[in-house]
Structure formats: C-alpha cells, structure tokens
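K.L.:
Mind looking at a prediction? Sequence and model below.
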Amino acid sequence: MLEGICIFVSLKETILDYLNHCFPASVSYSELANQFSIDCQTVEQVIKEIVSDNMPVIVQSQFVRLINPILSRSAINSRLTTSFVGRATLLHQSIPSTNDWIKHQVKDLKEGTLVLAHQQYSGKGRLGRNWSSPAGKTVSMSLLLKPADQLLDYSLLTQLAAAALVSALEIYCEAKIKWPNDIIVQNKKVAGILTEAEYSGSFLEGIIIGIGINTNLEETDFSEELKLKAGSLKVVRGTVDPNLIIARFAEKFEQLYTEWLTTHQSNHFLDSCRSHSALIGHTFWIIDTHSADQNHRKALIQTINETGGLVVKYLDNSETEVLTSTHYSIRGEHGYL
Ligand code: BTN
C-alpha cells in the first residue's frame with residue numbers, strides 16, 4: 001500500500017512538472033496518457049488529486065493547464081551551477097513547515113539541502129507569528145547549512161539571505177529590505193526570512209534558513225487586514241517563475257556565504273542590505289516585543305552595524321541603541337512602512 005502511494009505521488013510530481021514545462025498551454029488528458037504510458041483513467045485520478053490539493057490549475061473538458069508556473073525540481077536543477085546549495089532538493093506537496101521538516105531530519109541531510117513545499121499548513125514567521133503559504137502560488141523553502149565553525153554568528157545569515165534574495169528578485173523588480181527579515185516591493189511585504197538553529201545538546205547540528213515568497217498570489221488571496229501590508233510579485237509585476245528566483249537565490253547565496261566564510265568580512269553583503277534598506281534615513285516606531293507593555297519609541301534609523309544590528313537614535317532623548325532582531329519590531333507612522 002505504502003509503495004503504491006509513493007508511486008502515485010511521484011507520478012503526480014511528474015505530471016505537475018510536465019504541466020509546468022508546457023505552461024501556459026493546455027494539455028489534453030490523452031497527451032498526458034501517451035507521454036507517461038498510462039491510461040486516461042489514471043490521468044483523471046491524478047488531476048483530481050491535483051485539484052483537491054488546491055493547486056492553481058484550470059480543468060476543462062479533459063484538458064488541463066496551470067494558472068502560473070509552480071515549483072519544479074527539474075526546472076531548478078537545470079539552472080543551477082552551484083557546488084552545494086540546492087544540489088539536493090526535496091519537494092513536498094503539503095507539510096506543516098519546511099523549517100520544521102529539516103529540523104526533524106537534520107542529522108540525515110547534507111549541507112546545502114533545499115526543502116521546498118507547494119503548500120505549508122503551519123508556516124512560521126518571526127517572533128512566533130504565522131506565515132501563510134497557499135498551494136502553488138507561493139514559495140516555501142528552507143536551506144540547511146552545516147558550518148564547520150560551531151561559533152559562527154548565524155544571526156548575520158538572515159542579512160546574507162536578504163541580500164541574496166534582493167539580488168535574485170532583480171530580474172523581476174527592485175526590492176528593498178525592512179530589517180531584519182522582510183523583503184518589500186512597492187511598500188508591501190512580498191517575502192520573509194526565518195533563520196533557526198538546531199542543536200543536539202550544545203552541538204550545533206545545523207542552521208536552517210527559511211524563506212517564504214508571495215510569488216503568484218492574486219489581490220483576492222489576501223484578507224482585507226493583510227492587504228494593508230502584504231503584497232505579491234504577481235500583483236506588482238505579473239506572473240513570475242518561482243524556479244528562476246530559487247535558482248538565482250541559490251547561486252547568489254552560495255557566492256556570498258563562501259566569500260564570508262573565507263574572508264570573515266560581512267561588509268560585502270551588509271553593504272547591499274544598507275543600500276537596499278527601506279528604513280535607513282527615516283523615522284520609525286521601535287517596539288520592544290520583550291517589554292510587558294510593548295513599549296513604543298520613535299527613532300531615526302541610522303545604519304546596520306557590522307554584526308547585523310540596527311543602529312537607531314531615539315527622538316525623545318537622542319540616545320543611540322543597537323537593536324537585535326530577536327527583540328524588536330519596527331512600524332511606520334501610519335502602519336507597516
Ligand atoms: C517572517 O517574515 O516573519 C518570516 C517568514 C518565513 C516563512 C518561511 S516559509 C518557509 C519556512 N518555513 C516556515 O515555517 N517558515 C519559513
């Protein structure tokens with residue numbers, strides 16, 4: 001029975017890959033049957049399952065097509081020239097969280113493994129928030145690093161990942177970074193980063209960099225409340241290919257990470273974070289999420305220092321403070337930015 005399920009799942013991935021390859025064209029059930037030497041009934045069954053998974057497909061009189069490109073391991077692999085990032089890629093249909101999935105198998109996975117999901121149903125954001133990842137219209141990915149240096153300052157990796165992501169998105173649009181982990185396009189959050197470490201006792205087993213991107217969500221996919229701060233690449237730029245973004249991210253991340261490990265210089269990627277900052281030079285509310293009353297103070301954002309902290313100058317007493325990402329939330333005068 002288990003074997004049967006596995007074969008079925010991989011046939012589903014094969015058919016989804018084919019539909020992705022044919023995007024935006026419609027494909028007939030008989031073409032799929034011929035292509036994969038299966039009967040039309042099996043095609044019908046797989047397509048039914050794809051529909052019940054809420055994947056973005058349109059099915060009409062024995063023809064099927066994707067509404068937008070979806071995650072595909074073959075489409076990513078064909079673009080990769082990295083030596084370790086993304087060399088092993090796993091793609092799930094629907095799991096609670098790609099970060100948690102890596103945590104549970106961290107000992108068995110190689111450095112550079114990329115875990116992807118068409119959908120997450122318990123996606124996690126920073127500061128204990130939820131992260132929504134509807135099927136086939138978003139990127140949920142987690143990258144596993146196993147640095148030899150147990151004392152590596154991994155808080156900087158969120159900044160490194162942000163610099164790599166902004167660079168990857170350049171083919172589609174100009175993105176900015178709202179320290180520490182939000183990626184902004186046209187004043188709306190389109191992506192977020194959650195970096196976590198997994199320990200066995202005091203041994204660092206791995207660092208997990210989780211990235212969620214609102215790639216092909218429509219305006220109507222957002223609640224009225226979320227619409228005020230969140231956006232998608234499709235809304236601002238039209239349909240995008242998530243595989244192209246992932247491959248470009250993997251290349252840039254590997255380049256910046258390798259450079260950092262060899263030179264121990266963080267300025268290369270931090271300069272990019274500074275020049276793409278949506279905060280530096282402007283005044284924001286700083287919220288101390290660890291204070292009982294979520295204390296709000298207004299401050300001028302000055303820069304990001306060499307350890308990735310945000311340097312701010314409070315307007316009430318002109319004192320300067322370096323903020324760490326685990327404690328603070330930043331809000332604009334009238335809301336998110
Ligand atoms: C944030 O903006 O607060 C961070 C969002 C991070 C979401 C990604 S999606 C892939 C990975 N798995 C998770 O559960 N979270 C991260």
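P.N.:
Sure thing, it's come through.

K.L.:
how about the residue of the stretch 151-300 of the chain found nearest the ligand, phi and psi?
P.N.:
Going by C-beta to the nearest ligand atom, the ligand is nearest to Gly192 of the stretch 151-300 of the chain, at 2.0 Å. Glycine gets a C-beta too; all of them are placed from N, C-alpha and C. The phi and psi values for Gly192, taken as degrees, to the nearest 10, are phi -140, psi 160.

K.L.:
Report the separation between it and Thr289.
P.N.:
16 Å (C-beta to C-beta, to the nearest Å).

K.L.:
The two: who's more crowded?
P.N.:
Gly192 (23 against 13; other C-beta atoms under 10 Å).

K.L.:
Which residues are in contact with the residue nearest to Val240 when sequence neighbours are not counted?
P.N.:
Closest residue to Val240 apart from its sequence neighbours, by C-beta to C-beta, 6 or more residues apart in numbering: Leu233 at 4.7 Å. Contact analysis of Leu233 by C-beta atoms under 8 Å, 6 or more residues apart in numbering lists 169, 172-173, 185, 190, 213-216, 240.

K.L.:
what do you get for Val27?
P.N.:
Residues near Val27 by C-beta under 8 Å, 6+ apart: 18-19, 63-65.

K.L.:
mind running it again at 6 Å?
P.N.:
Contacts for Val27 (C-beta atoms under 6 Å, 6 or more residues apart in numbering) come out as Val64.

K.L.:
Check the one 10 residues further on too.
P.N.:
Residues in contact with Ser37, defined by C-beta under 6 Å, 6+ apart, are absent; none qualify.

K.L.:
picking that back up, can you tell me which of the contacts of Leu233 are buried?
P.N.:
Burial by neighbour count, 16 or more other C-beta atoms under 10 Å: within these this picks out 169, 172, 185, 190, 213-216, 240.

K.L.:
Quick one: those residues as TSV, columns for distance to Asp316 and secondary structure too.
P.N.:
Formatted as TSV, the entries for those read as follows, by distance: C-beta to C-beta, whole Å; DSSP: H, G, I helix; E, B strand; the rest coil:
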residue	distance to Asp316	secondary structure
Leu169	36	helix
Tyr172	40	coil
Val185	32	strand
Val190	33	strand
Ile213	37	strand
Asn214	36	coil
Thr215	41	coil
Asn216	44	coil
Val240	43	coil
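
K.L.:
picking up where we left off before, am I right that the residue of the stretch 151-300 of the chain closest to the ligand is in contact with Gly212?
P.N.:
Yes - with contact defined as C-beta atoms under 6 Å, Gly192 reaches Gly212; the gap is 5.3 Å.

K.L.:
hmm, stretch 113-127 in reach of the ligand?
P.N.:
Yes - on the criterion C-beta under 6 Å from any ligand atom, stretch 113-127 is in touch with the ligand at 120, 123-126.
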